[in-house]
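K.L.:
Quick one: sequence plus predicted model below, questions after.
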Amino acid sequence: MSVQLNHTIVEATDRRATATFFAEILGLPEPKPYGPFLVLQTDNEVSLDVVEVDGPVHPQHYAFLVSEDEFDRIFERITSRGLEYWADPFRRQAGEINHNDGGRGVYWASPDNHQLEIITRPYGG
């Protein structure tokens, strides 16, 4: 068996709000409860397991490879909510989309300030 990422834990101050935000913006199925987690399943069988924490959330970066059509749909949901977005991870190119590696990419923040990213081409591709 090759090494494959199976799941990652996403910290949240409100697991329901965070899981719903991810699902709605990314167009994922409704999160399913599993113990202390709300589990979001992606198409490549990697899950985002959202857990509520009592202390401060440690923001992480989550990047999603999407098709051109999916990019358009997700980007529409980002802009229709009036969310800020950037072309770069340092948040210097506000309101822009990048075209790295001949694709498109954009960054935005979750309610707990996790940095989310969608790209249509893998980096170096």
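P.N.:
Perfect, I can see it now. Numbers count the residues shown, from 1 in each chain.

K.L.:
any idea how far the host helix or strand of residue 74 is from the chain center?
P.N.:
Using DSSP states H and E, the element containing residue 74 is helix 68-80. Here the centre of helix 68-80 is set off from its chain's centre by 12 Å, with CA atoms, centre = their mean, to the nearest Å.

K.L.:
Quick check: next helix or strand after it?
P.N.:
Where DSSP H and E defines the elements, the next helix or strand beyond helix 68-80 is strand 85-86.

K.L.:
can you give me how far that next one is from the chain middle?
P.N.:
Going by CA atoms, centre = their mean, the spacing between the C-alpha centre of strand 85-86 and its chain's C-alpha centre is 13 Å.

K.L.:
average pLDDT across it?
P.N.:
Average pLDDT, strand 85-86: 98.

K.L.:
Show me the helices in this structure, by range?
P.N.:
Applying DSSP state H to the chain gives helices spanning 15-26, 68-80.

K.L.:
picking up where we left off before, which of the residues in the helix holding residue 74 are buried?
P.N.:
For helix 68-80, a neighbour-count test (16 or more other CB atoms under 10 Å) marks 70-71, 74-75, 78 as buried. Quick note: C-beta positions are derived from backbone N, CA and C, even for glycine.

K.L.:
quick one: contacts of stretch 115-125?
P.N.:
Stretch 115-125 is contacted from outside by 22, 25-26, 59-68, 70-71, 74-75, 89, 100-110, using CB atoms under 8 Å, 6 or more residues apart in numbering.

K.L.:
Likewise for stretch 63-73?
P.N.:
Residues outside stretch 63-73 that contact it (CB under 8 Å, 6+ apart) are 26-27, 42, 74, 104, 106, 116-120, 122.

K.L.:
do stretch 77-86 as well
P.N.:
Taking CB under 8 Å, 6+ apart as the rule, stretch 77-86 contacts 24-25, 27, 75, 92-97, 106-109.
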